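Trainee: A structural model of the following input is requested.
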Amino acid sequence: METPTVEGEPMASDRDPFDPDRSGDQDNPLAQFMAQFGITPGADGNFDMDGLMGKLQQAMTQFTSQMASFGGGAGADGLNWTFTRDVARKVTAAQGTDPSPSASEVAAVRDAVGLADLWLDQQTAFGRIATPAAAWSRAEWVEQTFDVWRSLTSPVASSFSAAITGLLTKQSEELGGLQPMLEPLMRAASSGMLSAQLGQALGLLSTDVVSACDISFPLTKKPIVALLPDNVAKFGDGLEQSDADVRLYLALRETARQRLFASVGWLGPQLLALVEHYARGISIDAHAIEEALESQMSGQMTAEDLESLGSTLSSKLFEPVQTAEQTEILGRLENLVALVEGWVDDVVSVTTAGLMPGASALLESVRRRRASGGPAEAALKALLNLELRPRRVRDAANLWAALRTAQGYEARDAAWAHPDLIPTAADLDDPLGYVERGRPAVAPTDGVDDLDAQLARLLDEEGRKGPDGA
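Mentor: Predicted coordinates for the structure are as follows:
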């Protein structure tokens, strides 16, 4: 078959990328790529191959050295997690002063959690946790939760690495013999962009959370009740409530949530397994990566440049299409988060009845904050392409209240004994029916579907690791 031509000329895709007639072609991706490093053809339109290889070697050495200066190289999953942590800390610091809580703030938090424990002892079957309460700065929240976030976002890193491999394969013909030289450079630059994006999202989230597990996931290796005094104060701005009441109310919520996670052994691992499983289905937009590399990658990048690249990429990284499996996982996750937060709403509401006149107003503030999404929703979107909006928290709270009213708080808390016993989405439509039946509206099937089997394997692996992840 003859080579297609246009007015007697070969197609651009069939031309030699080092052809002097093409070296200045604006449609030549190789020439554009080289230009990022100041590598341009000579006056005759030809590349000096010896000089070209020397410049590439110099750019690669310089870039590798710069990446190392950002906190070490990439890990086994292809990401520079030291750089990710550093970016998160910088974003946190950029929001204003972030001192470690003072002795008086630590004492105030521990007093609030102590009172919360006394009150909750009367309204839940779940016992206290042994770990002393803590007060954290925003930076301390990043440090204390970082390992869990790393685990949750590792599937994203794997998908990103696969997308880079596909991109390099696509460009292999253009790069020709230069691919072995350019591939490490492109991988390092891409890794830096994703590391920066994740760090920015975590830093943003740290400015919004008021407690250790404010977003309904167990983000610490061991249960701990921890409040962030500066963020607690920000939450209370504009509310006609005393600082002490705001702190106590948020301490009640976090203490109840941590008791639930500590007492229901399957709950935390299943929440995290669902998030990780969702992340495994993420599709990366390789075109967005290619555009970012071609338009902004430079052999003279600074850490600030990489942070900027991560911000630029954050809104373009993920493919907008959600798979059917991800849709199912998201439904399960939203239902489970709604049940957790609805349970916390009910427990704290009945606990504060007659003891805390401002509790109802504070609950409405929590609900408004939850409905608006804010930084927490933006961070989950940037980290995991996860738009988590548990819209049915109020329905879940009504269901738990109906069960408690009919059978006592012991029956309400006993529903967490096994994942097959917890209410389904159908039960949220018919809470009184759930109370009468005492079981989910949709009974578990005899067989285990593929998703359940995979979740079971994830939970089994988590169990073998032990409480410290070893």
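
Trainee: hmm, G127 is touching A256, no?
Mentor: No - distance between G127 and A256: 11.9 Å, which falls outside the contact criterion (C-beta atoms under 8 Å). Where C-beta positions appear, they are placed from N, C-alpha and C, glycine not excepted.

Trainee: more neighbours: which of these two?
Mentor: For G127 versus A256, neighbours defined as other C-beta atoms under 10 Å are more numerous around A256 (26 against 12).

Trainee: what's the helix or strand containing the more buried one packed up against?
Mentor: With the criterion set as DSSP states H and E, the secondary-structure element containing A256 is helix 243-263. Packed against helix 243-263, as judged by 3 or more C-beta pairs under 8 Å, 6 or more residues apart in numbering; DSSP states H and E, are the following elements: helix 103-120, strand 226-227, helix 229-236, helix 267-280, helix 324-352, helix 359-372.

Trainee: buried residues in it?
Mentor: Using 16 or more other C-beta atoms under 10 Å as the burial criterion, the residues of helix 243-263 that qualify are 245-263.

Trainee: what do you get for stretch 233-243?
Mentor: F235, G236, Q241.

Trainee: now do stretch 119-131
Mentor: Taking 16+ other C-beta under 10 Å as the basis for neighbour counts, the residues of stretch 119-131 that come out buried are W119, L120, Q123, T124, F126, R128, I129.

Trainee: tell me the two of the residues you listed that are most distant?
Mentor: Distance extremes for the buried residues of stretch 119-131: the farthest pair is Q123 and I129 at 16.2 Å, using C-beta to C-beta.

Trainee: low-confidence stretches in the stretch 201-350 of the chain?
Mentor: Judged against pLDDT under 70, the low-scoring parts of the stretch 201-350 of the chain cover residues 292-316.

Trainee: ok, the stretch 351-470 of the chain next?
Mentor: Within the stretch 351-470 of the chain, the stretches falling below the threshold (pLDDT under 70) are 442-470.

Trainee: state the distance from V347 to R257.
Mentor: For V347, the distance to R257 (C-beta to C-beta, to the nearest Å) stands at 9 Å.

Trainee: likewise for A103?
Mentor: Distance, A103 to R257, by C-beta to C-beta: 26 Å.

Trainee: repeat for D395
Mentor: Computed as C-beta to C-beta, the D395 to R257 distance reads 19 Å.

Trainee: also K381?
Mentor: Distance of K381 to R257, computed by C-beta to C-beta: 23 Å.

Trainee: also P101?
Mentor: Applying C-beta to C-beta, one obtains 20 Å for the distance of P101 from R257.

Trainee: ok, D285 next?
Mentor: Where R257 is concerned, D285 sits at a distance of 35 Å (C-beta to C-beta).

Trainee: biggest helix in the protein, by residue count?
Mentor: Ranked by residue count, the top helix of the chain under DSSP state H comes out as helix 138-175.

Trainee: mind listing what's buried along it?
Mentor: By neighbour count, and taking 16+ other C-beta under 10 Å as the criterion, the buried residues in helix 138-175 are 138-142, 144-146, 148-150, 152-161, 163-164, 167-168, 171, 175.

Trainee: so which elements touch that helix?
Mentor: Where contact means 3+ C-beta pairs under 8 Å, 6+ apart, helix 138-175 is packed against helix 29-35, helix 81-94, helix 179-206, helix 267-280, helix 286-296, helix 374-384.

Trainee: could you redo the last one with a cut-off of 10 Å?
Mentor: helix 29-35, helix 81-94, helix 179-206, strand 226-227, helix 229-236, helix 267-280, helix 286-296, helix 374-384 (3 or more C-beta pairs under 10 Å, 6 or more residues apart in numbering; DSSP states H and E).

Trainee: residues in contact with the fourth one: which ones?
Mentor: Defining contact as C-beta atoms under 10 Å, 6 or more residues apart in numbering, one finds that strand 226-227 is touched by 101, 105-106, 108-110, 112-113, 131-136, 140-141, 144-145, 209-214, 220, 247, 250-251, 254-255, 258.

Trainee: can you do 7 Å?
Mentor: Strand 226-227 has contacts (C-beta atoms under 7 Å, 6 or more residues apart in numbering) with V109, A133, A134, A135, W136, V210, S211, A212, R247, L250, A251, E254.

Trainee: now the two most distant members of the residues you listed.
Mentor: Checking these against each other with C-beta to C-beta, the farthest-apart pair comes out as A212 and R247, at 14.6 Å.

Trainee: hmm, back to that, quick one, the longest helix of the chain and helix 229-236 angle?
Mentor: If you take axes from the mean of the first three to the mean of the last three C-alpha atoms, to 10 degrees, helix 138-175 sits at 90 degrees to helix 229-236.

Trainee: so helix 138-175 versus helix 81-94, what angle?
Mentor: 130 degrees.

Trainee: quick one: contacts for the spatially closest residue to S211 that is not a sequence neighbour?
Mentor: Take S211 and drop its neighbours on the chain: the residue closest to it by C-beta to C-beta, 6 or more residues apart in numbering is E254, 3.9 Å away. Applying C-beta under 7 Å, 6+ apart, one finds that E254 lies in contact with S211, A212, C213, V225, L227.

Trainee: for beta bridges, what are the partners of the residue lying closest to the second one once chain neighbours are set aside?
Mentor: Nearest-residue entry for A212: A226, 4.1 Å, with adjacent residues in sequence omitted and distances by C-beta to C-beta, 6+ apart. Under the criterion DSSP bridges, A226 forms beta bridges with A134.

Trainee: okay then, goodbye and thanks.
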